[in-house]
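J.: only geometry, no sequence info:
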């Protein structure tokens, strides 16, 4: 039962961060989420902007159980109360969502809190001061999900890694072909919706992203041995 679950100890976000699309079919959503995890997604965010509250709660519950069974953290987008209701491992907050202090008070010390920082190091600094566990920048590329999103430069990732020890996430129009330079610039994780969930083979698409992190790790290790 979800009520008996408790969030896992706070984890550092790294790798493919798969964000769910708006999807009314809970069974299909769960199947695609499972395929993404099986392909190498290190974390899943439940994000559904169009569903009614009852469906959101049901989908979040199903995905929470799925992620718990596979040992992958689940993070709820925007909704602190929904994150609390399903004992999610974290919540992601945007500009118009609850503040970090209120979310921490509601969810407890071990829940991961991520914050959208768009193209702003100043917003990131405020988030880190307030106790965010990860900071997300983007959009780095044109995005069909958020076509009007502010555009961010890869240099933000490098600057953030140099200043703070929290995880740094890149988001926005990222494909496997585009992920490498962002990871090299400092992204600990890449948040992806379309390039994973709209792929004909979700598992294979996730595997491509996971391989990008494996390659970057290999290149880093090779460089340190020289």
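T.: Great, that's in hand. Source: prediction; values computed, not measured. Residues are numbered from 1 along each chain as shown.
J.: now the strands for this structure?
T.: Taking DSSP state E to define them, one finds strands in the chain at 15-19, 43-46, 74-77, 90-93, 112-118, 134-137, 167-171, 189-192.
J.: from residue 99, how far out is residue 41?
T.: 28 Å (CB to CB, to the nearest Å). Using the backbone N, CA and C atoms, a C-beta is placed for each residue, glycine as well.
J.: the more surrounded of the two?
T.: Set residue 41 next to residue 99 and count neighbours by other CB atoms under 10 Å: residue 41 wins out with 29 against 12.
J.: residue 80 versus the residue lying closest to that one once chain neighbours are set aside, what's the distance?
T.: Nearest residue to residue 41, sequence neighbours excluded (CB to CB, 6 or more residues apart in numbering): residue 18, at 4.0 Å. The gap separating residue 18 from residue 80 is 21 Å, by CB to CB.
J.: repeat for residue 203
T.: Distance from residue 203 to residue 80, by CB to CB: 31 Å.
J.: out of those two, which sits in the busier spot?
T.: When residue 203 is set against residue 80 and neighbours are counted by other CB under 10 Å, the residue ahead is residue 80, at 22 against 17.
J.: ok, that one - contacts?
T.: 91, 93, 97-98, 102-103, 106-107 (CB atoms under 8 Å, 6 or more residues apart in numbering).
J.: next one: residue 144
T.: Contact analysis of residue 144 by CB under 8 Å, 6+ apart lists 173, 194.
J.: how about 7 Å then?
T.: By CB atoms under 7 Å, 6 or more residues apart in numbering, residue 144 lies in contact with residue 194.
J.: then the one 3 residues further on?
T.: Taking CB under 7 Å, 6+ apart, we find residue 147 in contact with no residue.
J.: need the pLDDT of the residue lying closest to residue 112 once chain neighbours are set aside.
T.: Once flanking residues are discounted, residue 112 sits nearest to residue 90: 3.1 Å by CB to CB, 6+ apart. On pLDDT, residue 90 comes in at 97.
J.: got a list of what residue 90 touches?
T.: 73, 75, 111-114.
J.: and the furthest pair within those residues?
T.: The most widely separated members of the contacts of residue 90 are 73 and 113, with 12.2 Å between them, by CB to CB.
J.: where in the chain is pLDDT low?
T.: 1-11, 217-226 (pLDDT under 70).
J.: quick one on the thing from earlier: just the buried residues of the contacts of residue 80.
T.: The neighbour count (16 or more other CB atoms under 10 Å) marks 91, 93, 97-98, 103, 107 as buried among these.
J.: make CSV from the residues you listed and add distance to residue 187 to it.
T.: Output for the buried ones among the contacts of residue 80, formatted as CSV (distance: CB to CB, whole Å):
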residue, distance to residue 187
91, 21
93, 19
97, 22
98, 25
103, 23
107, 25
